[in-house]
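Asks: Only the shape, not the letters, is given here:
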Ligand code: GDP
Ligand code: MN
């Protein structure tokens, strides 16, 4: 789960990272007021869950409250399309108004989970300001990586070494140690997946300040971090994924048009591969999980159908904990309740498979039943092609 820049700054600030003063604005009047509070000159920043806002016109240094008001009028209610948002962009409904900082140097600092070493890793660079993807491409040699041993934590001498390698000196080194320790503690104590400060700025007076901040959290740990869960902003999420999140379904939206309802992540991945092999493209990943009641099957159908690109739905269940008759009942109920107007292909295997198939046959609904995964994928691709030809 991602959070907004201003939320990440508040969290990191509490842990000891120096952050600029600022305040939120939901209207142009408020933006002007906030700028006046900060002495007139202020940076206005669109709060959307994305980087690359600067390049996309979502960040501006305004010289006086009037300029702040004018820029707020321009931004609020619009969608910001950045390199990271995709073509749909993200809606701007709040602004962060911050005291302007003078910049001497821009550094990059990130904390990520390194799956290879199963540890938290620091990634840093003396060439901040650029997105990490661009840095990795354009200045890969500038990247410094440091893996943290969880038994020891982040040792001061490691932090100092990193500060040296970033070209910091004197009092900056102990400031950097403070920043690194604060980020590490915030990451570890709050079940974060990512902390990024880009740019971490050296001001002309030599002091450090986090000009930007980004944090994302492990959704599987949110149950024990209610204060983090409360920071969620569904307005920034893919609407398809919000509905699924609210109903506890593991769903990831994709670009294709064959909707998938599958149990088990492995089978879901395999089914998506089979669809591609048969010449189609999946609209989503959806793992319905074990023990799926007819209600849950209906919620899965709703989730898949909230994507208007979907032209056919493929249900593929290998029932171990699940029962094929439950799934069949769910499919039949969804078909009737949701007035389905896209073809449905069902492949059932495992517990109570005969009963499941019988229920579907007796329903009289035009549901295609496939015996194997390959057959199901081919039937889905064929049904999609027929549907498009008929239009
Ligand atoms: P991002 O583009 O979404 O990563 O947003 P950032 O918060 O990183 O802002 C983009 C860029 O705006 C930064 O890299 C800075 O160069 C610039 N910027 C942001 N705040 C200030 C500031 O207070 N003073 C100055 N001079 N530039 C700023
Ligand atoms: Mn940034």
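Replies: Cool, the structure landed. For clarity, every value in this text was computed on a predicted model and none was experimentally measured. Ligands and ions are numbered 1, 2, ... in the order given.

Asks: what's near enough to touch the residue in the chain that ligand 2 sits nearest to?
Replies: In the chain, the residue that lies nearest ligand 2 is residue 212 (3.5 Å; C-beta to the ion). In short, each C-beta sits where N, CA and C put it, glycine included. Under the criterion of C-beta atoms under 8 Å, 6 or more residues apart in numbering, the contact partners of residue 212 comprise 5, 51, 196, 197, 198, 199.

Asks: Kindly report the same for residue 288.
Replies: Contact analysis of residue 288 by C-beta under 8 Å, 6+ apart lists 249, 261, 262, 263, 296, 297, 300, 317.

Asks: how close does it sit to ligand 1?
Replies: For residue 288, the distance to ligand 1 under the criterion C-beta to the nearest ligand atom, to the nearest Å works out to 36 Å.

Asks: now the strands: where do they sit in the stretch 151-300 of the chain?
Replies: 192-202, 208-210, 214-217, 250-253, 258-262, 284-287 (DSSP state E, counting those that start in this stretch).

Asks: Least confident of those strands, on average?
Replies: Across the strands of the stretch 151-300 of the chain, strand 250-253 has the smallest mean pLDDT, namely a mean of 91.

Asks: outside of it, which residues touch it?
Replies: With C-beta under 8 Å, 6+ apart as the test, strand 250-253 has contacts from 238, 240-241, 244-245, 265, 283-287, 289, 303, 307.

Asks: Adjacent strands (with direction) for that strand?
Replies: Strand 250-253 has the following sheet partners, assigned by DSSP bridges: strand 284-287 (antiparallel).

Asks: what does the stretch 101-250 of the chain put close to ligand 1?
Replies: For the stretch 101-250 of the chain, the residues found near ligand 1 under the criterion C-beta under 6 Å from any ligand atom are 101, 103, 129, 198, 199, 211, 212.

Asks: For the first one, grab phi and psi.
Replies: Translated: residue 101. Dihedral angles of residue 101 (phi, psi; degrees, to the nearest 10) stand at phi -110, psi 140.

Asks: Share the number of residues neighbouring it, please.
Replies: Around residue 101 sit 17 other residues, with neighbours defined as other C-beta atoms under 10 Å.

Asks: and it, what does it touch?
Replies: By C-beta under 8 Å, 6+ apart, residue 101 lies in contact with 20, 43, 201, 203, 209, 211.

Asks: now do 6 Å
Replies: For residue 101, the contact set (C-beta atoms under 6 Å, 6 or more residues apart in numbering) comprises 20, 209.

Asks: That one and residue 171: what is the separation?
Replies: When distance is defined by C-beta to C-beta, to the nearest Å, residue 101 is 18 Å away from residue 171.

Asks: Which parts of this protein belong to which domain?
Replies: Following automatic domain parsing, one gets these domains for the chain: 21-99, 105-229, 238-390.

Asks: With adjacent residues omitted, what lies nearest to residue 68?
Replies: If you skip the residues right next to it in sequence, residue 68 has residue 35 as its closest partner in space, 3.8 Å away by C-beta to C-beta, 6 or more residues apart in numbering.

Asks: Three-state assignment for the one you found, please.
Replies: Here residue 35 takes the helix state, with states given by DSSP: H, G, I helix; E, B strand; the rest coil.

Asks: Which residue, other than its chain neighbours, is closest to residue 139?
Replies: If the residues on either side of it in the chain are set aside, residue 139 comes closest to residue 127, at 5.1 Å by C-beta to C-beta, 6+ apart.

Asks: Quick check, that neighbour in contact with residue 141.
Replies: No. The pair residue 127 / residue 141 is not scored as a contact, 9.9 Å apart, by C-beta atoms under 6 Å.

Asks: Those two: which has the busier surroundings?
Replies: Neighbours per residue (other C-beta under 10 Å) separate residue 127 from residue 141, with residue 127 holding more: 17 against 7.

Asks: List the contacts of residue 182.
Replies: For residue 182, the contacting residues are 15, 16, 17, by C-beta under 6 Å, 6+ apart.

Asks: From these, pick the one nearest ligand 1.
Replies: Proximity of these to ligand 1, judged by C-beta to the nearest ligand atom, is greatest for residue 17, which lies at 14.3 Å.

Asks: how much space between the closest residue to the closest one other than its chain neighbours and residue 175?
Replies: In this structure, residue 17 finds its nearest non-sequential neighbour in residue 182, 4.7 Å apart by C-beta to C-beta, 6+ apart. Between residue 182 and residue 175 the computed distance is 11 Å (C-beta to C-beta).

Asks: that older thread, now rank the contacts of residue 212 by neighbours and give me the top one.
Replies: residue 197 (28 neighbours).

Asks: Is that residue bridged to anything, and to what?
Replies: Here residue 197 sits in beta bridges with residue 109, going by DSSP bridges.

Asks: That one and residue 110 touch, don't they?
Replies: No. The pair residue 197 / residue 110 is not scored as a contact, 7.5 Å apart, by C-beta under 6 Å.

Asks: Run through the helices of the stretch 101-250 of the chain in chain order.
Replies: With helices called from DSSP state H, counting those that start in this stretch, the stretch 101-250 of the chain shows them at 132-138, 156-165, 171-189, 226-229, 239-246.

Asks: Can you redo those as CSV, where the extra columns are mean pLDDT?
Replies: Formatted as CSV, the helices of the stretch 101-250 of the chain follow (pLDDT from 0 to 100):
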stretch, mean pLDDT
helix 132-138, 88
helix 156-165, 96
helix 171-189, 97
helix 226-229, 97
helix 239-246, 82
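
Asks: for those, which one sits closest to residue 73?
Replies: Within those, the stretch nearest residue 73 is helix 239-246; the backing value is 26.3 Å (C-beta to C-beta).

Asks: The closest one packs against which elements?
Replies: With contacts defined as 3 or more C-beta pairs under 6 Å, 6 or more residues apart in numbering; DSSP states H and E, helix 239-246 has these neighbours: strand 250-253.

Asks: how about the residue of the chain closest to ligand 2, phi and psi?
Replies: Listed backbone geometry of residue 212 is phi -140, psi 150, with angles given as degrees, to the nearest 10.
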